[in-house]
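[1] All I have is the shape, not the residue letters:
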């Protein structure tokens, strides 16, 4: 009988990030990558060798996606960049499509055809953020009217895209045309209660990932929990967490059954951080259903 413990989060043996985000498992390297947005750092952890590499930048990296040839595509405050970790060099491939004094790139991923989708966050908390698609060297605005773009993920067949507005406490589903990379039929997938006085706050939807059964795993920021939702948006499972602010899950390991979860500690109260020493750490846990492999971005 298996003695494997499921849904038992433990931290990686690494220093915490201020705001960890955008984790992905690189299958060819056997390594986990993630960014620390305000720390302006890209991280790589190779568990097989216990090796931690990191690179620092002058601007905040909102998200990262693997690209061919060992490169990484970074959506940063100052635009899209192709980064070569072997030489520590980056080359800009696109200027930012917004005023970087008011917005920056946030959550992003490559779709199954290798097009990078990256959303923005409006730092004045106005619904002026948008979702952009990078394809054939061009950056195109595909959706807008939100404040904090998050939660990007695709169903296993690639025909549904998920996208959330964290500030609005809402996750949306959209029909996705795999060939054209276009969106249609936007609708509410899941909605969560905002903060209310006297009521325990369940958090707001942040980053997400989809498993091989099509379930949507979402980190509930300030909610101390990770949720698994059915393709119809129904709650299938809730995993209690030892930190207030989980930010984004991804699936990794050789069998894609290790769930890695970035978390945050930036701007959190001192008494909360004293109670939560793992805040900002990357947590790992074993899960029953494997995830989907990461999509590589095409440059």
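    Cool, the structure landed. Please read these numbers as outputs of a predicted model, since none were measured by experiment.
[2] Show the residue spans covered by the strands in the stretch 101-250 of the chain.
    Secondary structure of the stretch 101-250 of the chain by DSSP state E, counting those that start in this stretch: the strands cover 103-110, 116-122, 129-135, 138-146, 149-154, 160-165, 170-177, 182-191, 204-210, 216-221, 225-229, 235-240, 246-252.
[3] Can you lay out the ones you listed as TSV showing mean pLDDT and distance to residue 282?
    Every residue, glycine included, has its C-beta placed from N, CA and C. As requested, those are exported to TSV (pLDDT from 0 to 100; distance: least, C-beta to C-beta, whole Å):
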stretch	mean pLDDT	distance to residue 282
strand 103-110	98	17
strand 116-122	98	21
strand 129-135	97	26
strand 138-146	96	27
strand 149-154	98	18
strand 160-165	98	21
strand 170-177	98	23
strand 182-191	98	25
strand 204-210	98	13
strand 216-221	99	12
strand 225-229	98	13
strand 235-240	98	15
strand 246-252	98	10
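[4] which one of those strands lies closest to residue 275?
    Shortest distance between residue 275 and those, using C-beta to C-beta, is found for strand 235-240: 14.4 Å.
[5] what does the closest one rub up against?
    7, 9, 215, 224, 225, 226, 227, 228, 229, 230, 285 (C-beta atoms under 8 Å, 6 or more residues apart in numbering).
[6] where does the first one land on pLDDT?
    The model reports residue 7 with a pLDDT of 97.
[7] Ramachandran angles for it?
    When read as degrees, to the nearest 10, the backbone of residue 7 gives phi 60, psi 40.
[8] Now do the contacts for it.
    239, 285, 286, 287.
[9] nearest to residue 135, of those?
    Each of these was scored against residue 135 by C-beta to C-beta, and residue 287 proved nearest at 32.2 Å.
[10] Tell me the bridge partners for the closest residue to that closest one other than its chain neighbours.
    Distances taken as C-beta to C-beta, 6 or more residues apart in numbering place residue 259 nearest to residue 287, at 4.8 Å, with adjacent residues excluded. Per DSSP bridges, the residues bridged to residue 259 are residue 251, residue 285.
[11] so what's residue 259 scoring on pLDDT?
    Here, the pLDDT recorded for residue 259 equals 98.
[12] burial count for it?
    Neighbours of residue 259 under the rule other C-beta atoms under 10 Å: 27.
[13] roughly how far apart are it and residue 26?
    16 Å (C-beta to C-beta, to the nearest Å).
[14] is it possible to export the strands of the stretch 101-250 of the chain to CSV including distance to residue 78?
    Output for the strands of the stretch 101-250 of the chain, formatted as CSV (distance: least, C-beta to C-beta, whole Å):
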stretch, distance to residue 78
strand 103-110, 9
strand 116-122, 13
strand 129-135, 15
strand 138-146, 13
strand 149-154, 18
strand 160-165, 24
strand 170-177, 28
strand 182-191, 26
strand 204-210, 22
strand 216-221, 25
strand 225-229, 32
strand 235-240, 36
strand 246-252, 22
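[15] for those, which one sits closest to residue 279?
    strand 246-252 (9.8 Å).
[16] How far away from the center of its chain is that closest one?
    Taking C-alpha atoms, centre = their mean, to the nearest Å, the mean C-alpha location of strand 246-252 is offset from the chain mean by 7 Å.
[17] same thing with stretch 121-134?
    Counting by C-alpha atoms, centre = their mean, stretch 121-134 is centred 16 Å from the centre of its parent chain.
[18] Next, the buried residues of that stretch.
    If you call a residue buried by 16 or more other C-beta atoms under 10 Å, then stretch 121-134 has these buried ones: 121, 122, 128, 129, 130, 131, 132, 133, 134.
[19] Reformat the residues you listed as TSV; add distance to residue 148.
    Converted to TSV, the buried residues of stretch 121-134 look like this (distance: C-beta to C-beta, whole Å):
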residue	distance to residue 148
121	5
122	7
128	11
129	6
130	11
131	11
132	15
133	18
134	20
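[20] for these, which one is nearest residue 33?
    residue 134 (18.4 Å).
[21] Spatially nearest residue to that closest one (excluding sequence neighbours)?
    Distances taken as C-beta to C-beta, 6+ apart place residue 116 nearest to residue 134, at 4.2 Å, with adjacent residues excluded.
[22] That neighbour: how many residues sit nearby?
    Neighbour number of residue 116 under other C-beta under 10 Å is 26.
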